[in-house]
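1. make a model of this:
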Amino acid sequence: MTAVTAARPVRAARPRHLAGTGTLLRLALRRDRLMIPAWVLALGLTVAAMGASFEAVYDTAAQRAGLAASMNHNGSMRALYGPVFSDSVGGLVAWRMAGFGAVLAAVMSLLTVVRHTREEEETGRQELLSAAMVGRRAPLTAALLTALIANSLLAALIAGGTALSGRPAAGSLALGLAIGGTGTLFAGLAAIAAQLTESARLAKGLTGAVLGLAFALRAAGDAATADATSPLTWLSPIGWSENLRPYAGERWWILLLFLAATALAGSTAYTLTARRDLGMSFLPARPGPALAPRSLSGPFGLAWRLQHTTLLGWAAGFLCAGAVFGGIAEGASDLVGGNQQTREIVERMGGQQGLTDAFLATMAGLLGMVASLYAAGAVLRLRGEETGERAEPVLAGAVGRLRWAGSHLVIAYGGTAVILASGGLALGLAHGLSADDLGGQMGPVLAAALSQVPAVWTLTGLAVLVFGLFPKATPAVWALVGGCLAIGWLGPSLKFPPWAMNLSPYSHLPKLPGADATAAPFVWLLALSALFALLGLVGVRRRDIG
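-> Down below sits the predicted model:
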């Protein structure tokens with residue numbers, strides 16, 4: 001009897017760590033009742049509708065076979081999209097969306113998990129909840145379950161939507177699981193980052209860096225081999241997604257890689273959360289000097305202190321990306337051969353000024369579209385300072401609202417130019433060296449990268465507008481930026497109608513280098529950006545803070 005009595009506390013203690021998980025899960029789903037459906041529907045319906053687009057553009061088996069052969073022939077295009085494993089409509093859908101969809105699912109997951117873990121601790125809400133009957137592991141469990149539900153819905157929508165559109169059921173299921181599995185894995189990686197870092201911003205940045213590395217490894221591996229067998233490809237979860245090979249003899253055993261990696265990431269996160277105090281991290285900030293430097297005497301110095309690490313990280317990433325794509329640009333001229341369809345795709349993406357210039361223009365446009373993610377994050381840092389109640393002490397002093405907001409916006413606008421210049425320099429340098437024409441290529445390629453600034457600033461101004469006038473709707477900024485990315489990435493190859501292409505500011509820019517350029521589109525985009533920012537700042541000045 002004594003032994004049984006002594007054993008009871010041990011058995012009863014375990015569930016206490018998960019106490020309140022159901023309540024926190026319902027709270028997380030309620031808070032994300034708009035964001036998760038927006039992500040799932042936008043991505044899922046895009047994948048489901050992709051087959052019809054390919055059937056309309058490439059309506060014969062011969063055309064699809066020619067497209068597949070052309071894409072697989074050149075490492076430049078394999079680095080962008082991956083190899084084509086089947087020339088069926090389903091195979092082309094998987095080629096176009098397995099990697100791209102996996103990246104977007106990973107972004108959705110990392111934002112979800114960090115929001116419900118580290119961000120809750122950073123704002124102090126988790127400490128309030130933990131004062132009630134909430135177990136130590138309940139917040140992390142609720143966050144992971146939220147991400148799992150989102151990715152499960154996404155996988156089901158992709159599998160069901162593509163199957164109902166006429167694609168084979170097995171391939172549809174494999175494509176859904178590949179994209180959903182990647183998202184679930186990055187939910188676990190985001191959970192680890194939330195334990196390691198001291199702030200939500202750093203957790204998102206660390207997980208985003210891992211995602212960028214995974215994409216770079218996949219791109220380098222696919223550029224080296226035409227069948228995705230490179231060790232670099234196998235080091236990347238995005239490479240696993242494409243190697244599952246939906247509609248091309250599915251490799252179901254690859255799902256075990258996702259399962260094992262996700263279980264390892266989740267168990268690591270649980271181990272770390274059990275070994276730290278609430279609000280603490282394993283990578284704490286270094287203690288600052290006893291006396292603050294003179295640069296922190298004003299709001300700009302504070303904004304720079306808060307955002308300079310992110311800016312430097314983005315600049316370094318653009319340097320690496322520019323160097324990689326510049327090194328393979330010279331091979332773009334070998335892509336077409338006699339295939340007119342592929343020539344049309346490249347020209348729609350980068351212009352009709354020659355295939356090498358068209359490829360460089362495509363890369364410059366890609367850098368510009370990705371730079372909008374940095375700009376949106378830099379602007380929305382204002383919202384983080386506001387909701388974290390760190391803006392009020394600053395504004396309580398001799399600092400006006402416009403001066404406070406303007407200090408962050410200088411970094412958002414100026415940082416965009418810095419990271420695009422970094423990418424343009426690396427792109428021009430690598431291409432100039434590979435073409436033995438450094439002097440003739442550096443200037444035009446750098447100018448092509450910087451020509452994307454007005455379009456990025458337009459989206460930046462739109463983010464300011466939303467923050468100033470509709471602060472509770474700031475998550476919608478990511479949807480707007482993601483929509484422009486989707487238009488630029490998918491529109492040219494799927495022949496989106498002109499009205500759809502014109503929704504993106506990038507569609508109005510000349511295809512540099514090589515194309516004729518006039519000042520009109522740059523002036524109009526800059527004017528639109530200024531108007532958006534002005535309206536947003538008026539809203540910041542007039543509305544309540546917090």
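2. could you point out the helix or strand that follows the helix or strand where Pro454 lies?
-> Using DSSP states H and E, the element containing Pro454 is helix 453-469. Remark: after helix 453-469, the chain's next helix or strand is helix 476-494, criterion DSSP H and E.
3. low-scoring stretches of the stretch 201-350 of the chain, by residue?
-> 279, 285-288, 292, 328, 330-350 (pLDDT under 70).
4. go again using 80 as the cut-off
-> 201, 277-297, 324-325, 327-350 (pLDDT under 80).
5. over to the stretch 351-500 of the chain?
-> 351-359, 388-389, 434-437, 439-440, 486, 488-497.
6. ok, which stretches of it are helices?
-> Along the stretch 351-500 of the chain, counting by DSSP state H, counting those that start in this stretch, helices occupy 355-387, 391-395, 401-434, 438-450, 453-469, 476-494, 498-501.
7. would you turn the ones you listed into TSV with distance to Pro168 and mean neighbour count?
-> (Each C-beta comes from the backbone N, C-alpha and C, glycine too.) As requested, these are exported to TSV (distance: least, Cβ to Cβ, whole Å; neighbours: other Cβ atoms under 10 Å):
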stretch	distance to Pro168	mean neighbour count
helix 355-387	32	24
helix 391-395	54	14
helix 401-434	40	21
helix 438-450	42	19
helix 453-469	38	26
helix 476-494	21	19
helix 498-501	29	12
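8. between those helices, which gets nearest to Leu157?
-> Nearest of these to Leu157, taken as Cβ to Cβ: helix 476-494 at 16.1 Å.
9. who touches stretch 116-136?
-> 15-21, 23-24, 28, 31, 139-140, 142-143, 146, 191, 193-194, 197, 199-200, 203, 273-274, 278-279, 387-389 (Cβ atoms under 8 Å, 6 or more residues apart in numbering).
10. contacting residues for the closest residue in space to Leu485 that isn't next to it in sequence?
-> Spatial nearest neighbour of Leu485, chain neighbours left out: Met369 (5.1 Å); criterion: Cβ to Cβ, 6 or more residues apart in numbering. Going by Cβ under 8 Å, 6+ apart, Met369 touches 452, 484-485, 488-489, 506.
11. okay, stretch 316-331 in PDB with CA atoms only?
-> Output of stretch 316-331 as PDB, limited to C-alpha atoms (Å, rounded to 0.1, in the frame of the first residue of the first chain):
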ATOM      1  CA  ALA A 316      25.100  39.100 -46.200                       C
ATOM      2  CA  GLY A 317      22.300  36.800 -47.600                       C
ATOM      3  CA  PHE A 318      21.900  39.000 -50.700                       C
ATOM      4  CA  LEU A 319      25.700  38.900 -51.300                       C
ATOM      5  CA  CYS A 320      25.700  35.100 -51.300                       C
ATOM      6  CA  ALA A 321      22.600  34.900 -53.500                       C
ATOM      7  CA  GLY A 322      24.000  37.400 -56.000                       C
ATOM      8  CA  ALA A 323      27.300  35.500 -56.200                       C
ATOM      9  CA  VAL A 324      25.500  32.200 -56.800                       C
ATOM     10  CA  PHE A 325      23.200  33.500 -59.500                       C
ATOM     11  CA  GLY A 326      25.800  35.700 -61.100                       C
ATOM     12  CA  GLY A 327      28.100  32.700 -61.500                       C
ATOM     13  CA  ILE A 328      25.500  30.700 -63.500                       C
ATOM     14  CA  ALA A 329      24.100  33.500 -65.600                       C
ATOM     15  CA  GLU A 330      26.400  32.900 -68.500                       C
ATOM     16  CA  GLY A 331      25.000  29.400 -68.900                       C
END
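12. contacts for that stretch?
-> Residues from elsewhere that reach stretch 316-331 (Cβ under 8 Å, 6+ apart): 74-76, 79, 209, 212, 216, 219-220, 223, 356, 359-360, 363, 366-367, 371, 419-420, 422-432, 434-435, 445, 449.
13. kindly recompute the last result at 6 Å.
-> Identification of contacts with stretch 316-331 by Cβ atoms under 6 Å, 6 or more residues apart in numbering yields 75-76, 212, 359-360, 363, 419, 422-423, 426-427, 430-431, 434-435.
14. of those residues, which pair is most distant in space?
-> Gly212 and Ala435 (26.6 Å).
15. higher neighbour count, these two?
-> Gly212 (17 against 14; other Cβ atoms under 10 Å).
16. skipping adjacent residues, who's closest to that one in space?
-> Per Cβ to Cβ, 6+ apart, closest to Gly212 is Gly317, 5.7 Å.
17. the one you found sits in which helix or strand?
-> Under the criterion of DSSP H and E, Gly317 resides in helix 299-328.
18. now Ala193
-> Ala193 belongs to helix 169-196, assigned by DSSP H and E.
19. same for that helix, what does it pack against?
-> helix 89-116, helix 138-164, helix 200-224, helix 237-243, helix 254-273 (3 or more Cβ pairs under 6 Å, 6 or more residues apart in numbering; DSSP states H and E).
20. with distance to Trp404 as extra columns, can I get the ones you listed in a markdown table?
-> Shown next, in a markdown table, are the helices and strands packed on helix 169-196 (distance: least, Cβ to Cβ, whole Å):
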| stretch | distance to Trp404 |
| --- | --- |
| helix 89-116 | 24 |
| helix 138-164 | 31 |
| helix 200-224 | 18 |
| helix 237-243 | 39 |
| helix 254-273 | 34 |
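21. what about the helix holding Pro454, distance to the chain center?
-> Computed by Cα atoms, centre = their mean, to the nearest Å, the separation of helix 453-469 from the middle of its chain amounts to 18 Å.
22. just want the angle from that helix to helix 355-387.
-> Angle, helix 453-469 to helix 355-387, by axes from the mean of the first three to the mean of the last three Cα atoms, to 10 degrees: 20 degrees.
23. show me what helix 453-469 is packed up against.
-> Other elements packing on helix 453-469 under the criterion 3+ Cβ pairs under 6 Å, 6+ apart are helix 355-387, helix 401-434, helix 476-494, helix 520-542.
24. from Val113, how far out is the residue nearest to the spatial centre of the chain?
-> The chain has Val107 as the residue nearest its centroid, 5.0 Å off, counting by Cα atoms, centre = their mean. Using Cβ to Cβ, to the nearest Å, we find Val107 at a distance of 11 Å from Val113.
25. re earlier: out of the helices of the stretch 351-500 of the chain, which comes closest to Val57?
-> Taking the helices of the stretch 351-500 of the chain one by one with Cβ to Cβ, helix 476-494 is closest: 6.2 Å.
26. which strand or helix spans Val84?
-> Here Val84 is assigned to no helix or strand, by DSSP H and E.
27. that one against Ala68, yeah?
-> Yes. At 4.0 Å, Val84 counts as touching Ala68 under the criterion of Cβ atoms under 6 Å.
28. higher neighbour count, the two?
-> More neighbours surround Val84 than the other of Val84 and Ala68, with 24 against 20 (other Cβ under 10 Å).
29. residues contacting that one?
-> Going by Cβ under 6 Å, 6+ apart, Val84 touches 68, 71-72, 95.
30. how much space between Val453 and Leu232?
-> For Val453, the distance to Leu232 - Cβ to Cβ - is 32 Å.
31. quick check: Pro83 vs Ala105, distance?
-> 21 Å.
32. neighbour-wise, which of these two wins?
-> Between Pro83 and Ala105, Ala105 has the larger neighbour count (other Cβ under 10 Å), namely 31 against 21.
33. residue contacts, that one?
-> 179, 182-183.
34. nearest to Leu462, of the helices and strands packed on helix 169-196?
-> helix 89-116 (19.0 Å).
35. so that closest one versus helix 200-224, what angle?
-> 160 degrees.
36. tell me the mean pLDDT for helix 89-116?
-> Helix 89-116 carries an average pLDDT of 90.
37. next secondary structure after that helix?
-> Downstream of helix 89-116, the first helix or strand assigned by DSSP H and E is helix 118-123.
38. so how far is that next one from its chain's centroid?
-> On Cα atoms, centre = their mean, the centre of helix 118-123 falls 21 Å from that of its chain.
39. helix or strand next in line after that helix, which one?
-> Counting by DSSP H and E, the next helix or strand C-terminal to helix 118-123 is helix 125-130.
40. show me what counts as buried in that following helix.
-> 126, 129-130 (16 or more other Cβ atoms under 10 Å).
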